[in-house]
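Q: pasting the sequence and the predicted coordinates here, then a few questions.
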Amino acid sequence: MLPRQRKRPLGLFRLVMVNGLQDSSAIRYDFRYGDVDAEHFPFATWRKLSNLSMQLDQRDLIAYGDPLGEPGLRVEIANYLYSSRGVNCSPDQIMIGAGVQYLLGVLSRLIGGANNGMAMEEPGYDGVRTIFSHHGFHIYPIPLETDGLNIRKLYESKSRIVYITPSHQFPYGMVMPLPKRMQLLKWATDQNGIIIEDDYDSEFRYVGKPIPSLQSLDTHHRTVYLGTFSKCLLPSLRIAYMVLPQELIELHGKQDYRLYDQTVSRFHQKTLELFMKNGHWEAHIRRMRNVYKEKQFTLISRIQQLMGSQVTIIGQDAGLHILLRIHNGMDEQKLIATAEEEGIRVYPVSPFWAQQAEAEKSMVQIGFGGLSKEDITEGVRALHRAWFGIG
């Protein structure tokens with residue numbers, strides 16, 4: 001009888017490139033940020049609601065639909081955002097699109113990138129930085145303090161627009177406290193500016209109570225609010241949303257952006273609407289918050305048990321990733337290479353810096369959403385061998 005093969009990690013959906021060839025066996029554990037736990041996705045419920053959305057009384061879904069997104073789904077999103085994040089908006093202020101990057105492209109054209117500056121956290125999300133650069137914005141990297149963006153440096157930048165991740169700074173993970181949020185809103189008033197608040201991962205906070213969103217605190221309506229369903233449902237659904245201040249939603253109409261076709265399948269939108277309306281969405285969030293909290297605890301505890309003071313863990317209060325600073329003399333490239341020799345994939349943090357010379361030299365990013373607790377344990381053990389030569 002042949003020996004039983006070890007089960008592949010559930011969250012591994014990518015093929016690894018080795019010497020230009022696809023090789024799905026080279027990496028045993030992939031700590032990729034962005035992978036999600038598909039095992040706990042309610043496929044049966046989603047399938048049932050998807051079938052329901054395609055019944056005869058939904059034949060109108062074969063047409064193009066509202067460019068801003070399905071009205072019923074926007075009502076559900078508005079209700080959810082108000083109850084969970086305090087966001088004050090009408091459904092007419094919400095725009096649905098195929099991912100946050102697409103929505104930021106629309107926003108960039110609305111506010112105009114040419115001769116405009118865009119302040120961003122340093123380090124920050126490199127994908128967003130690339131989008132803004134492609135639309136002609138001059139990027140102003142603003143350094144971080146222990147509680148988030150340096151407001152004084154933001155004033156000095158002379159930029160009137162800032163993109164920020166206050167509820168879970170990407171990639172460092174700090175949460176911006178209420179006093180600093182009020183300082184940022186004052187900056188927007190003083191500069192007649194715009195705040196772009198990306199509230200990614202806000203559902204997954206493991207320590208303390210959630211702080212209200214910037215948009216909910218903004219009495220002058222200068223905040224654009226962004227969110228996505230990718231981390232809570234499945235990334236492949238490609239459903240994100242943007243809440244625009246009334247002034248920008250009116251500009252959206254005047255500049256004929258309503259002529260743009262909606263980028264998200266109407267069937268998926270209708271299925272999500274039913275999913276939210278029937279209470280499945282909030283139940284799923286509660287379930288996944290517990291699932292990810294347990295995975296994160298497994299990851300942190302195993303790292304602390306095996307590596308102790310040889311590493312520093314950063315950003316462990318929320319989200320689906322941590323940063324790990326390793327005290328073994330290896331630089332980022334060497335850390336990643338030695339991990340791969342053990343069949344483990346971890347990820348660089350240097351791309352998150354606009355000013356590469358300032359990047360951390362001995363740090364990697366570790367995501368845990370797509371791995372089981374057993375795979376996390378085995379993966380950390382292999383990382384310990386790779387970096388410290390101890391099994």
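A: Thanks, I have it.
Q: and the residue most central in space within the chain, which of the three is it?
A: Taking C-alpha atoms, centre = their mean, the centroid of the chain lies closest to Y200, which sits 4.1 Å from it. Look at Y200: counting by DSSP: H, G, I helix; E, B strand; the rest coil, its state is coil.
Q: that one contacts H168, correct?
A: Yes: if you go by C-beta atoms under 8 Å, Y200 and H168 touch, sitting 6.9 Å apart. In this view, the C-beta of every residue, glycine as well, is placed from N, C-alpha and C.
Q: now the strands for the stretch 151-300 of the chain?
A: Here the stretch 151-300 of the chain has its strands, by DSSP state E, counting those that start in this stretch, at 161-164, 194-198, 223-228, 240-243.
Q: so M307 belongs to a strand, correct?
A: No: assigned with three-state DSSP, M307 falls outside any strand and is helix.
Q: what does the pLDDT read for it?
A: If you check M307, the pLDDT there is 96.
Q: then the one 5 residues further on?
A: The predicted local distance difference test score for T312 is 97.
Q: my guess is it meets H327, correct?
A: Yes: with contacts counted by C-beta under 8 Å, T312 reaches H327, the gap being 7.3 Å.
Q: neighbours around Y163, how many?
A: Using other C-beta atoms under 10 Å, the number of residues around Y163 comes to 26.
Q: kindly report the same for the one 3 residues further on.
A: Close neighbours of P166, defined as other C-beta under 10 Å, add up to 23.
Q: ok, it touching R181?
A: Yes: contact status for P166 versus R181: in contact at 6.3 Å, counting by C-beta under 8 Å.
Q: which neighbours do the two share?
A: Counting by C-beta atoms under 8 Å, 6 or more residues apart in numbering, the shared contacts of P166 and R181 are 211, 214.
Q: so, low pLDDT: which residues of this protein?
A: Along the chain, segments meeting pLDDT under 70 span 1-25, 56-59, 61, 113-114, 208, 257-259, 391.
Q: how is it carved up into domains?
A: Under the assignment automatic domain parsing, the domains of the chain span 16-41+282-388, 45-279.
Q: any idea how far apart the tips of the longest one sit?
A: This stretch, domain 45-279, spans 11 Å end to end (C-alpha to C-alpha, to the nearest Å).
Q: can you redo the strands of the stretch 151-300 of the chain as a markdown table with distance to F204?
A: Formatted as a markdown table, the strands of the stretch 151-300 of the chain follow (distance: least, C-beta to C-beta, whole Å):
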| stretch | distance to F204 |
| --- | --- |
| strand 161-164 | 18 |
| strand 194-198 | 14 |
| strand 223-228 | 12 |
| strand 240-243 | 17 |
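Q: can you confirm L323 is in a strand?
A: Yes: under three-state DSSP, L323 sits within a strand.
Q: can you count the residues close to it?
A: A count of neighbours around L323, defined by other C-beta under 10 Å, yields 21.
Q: return the residues in contact with the spatially closest residue to it that is not a sequence neighbour.
A: Using C-beta to C-beta, 6 or more residues apart in numbering and skipping the chain neighbours, the partner closest in space to L323 is I314 (4.1 Å). Neighbouring residues of I314 by C-beta under 8 Å, 6+ apart: 172-173, 322-325, 363.
Q: list the buried ones in stretch 199-206?
A: Burial within stretch 199-206, assessed by neighbour count using 16 or more other C-beta atoms under 10 Å, is assigned to 199-205.
Q: span of it from start to end?
A: Using C-alpha to C-alpha, the end-to-end distance of stretch 199-206 comes out at 15 Å.
Q: contacts for it, please.
A: Counting by C-beta under 8 Å, 6+ apart, 84-85, 100, 165-168, 170, 175, 210, 213, 225-228, 231-232, 285, 288-289, 292-293, 296, 316-320 sit against stretch 199-206.
Q: go through those and flag which are in helices.
A: Counting by DSSP state H, the part of these found in helices is 84-85, 100, 285, 288-289, 292-293, 296.
Q: which one of these is nearest R160?
A: V100 (21.5 Å; C-beta to C-beta).
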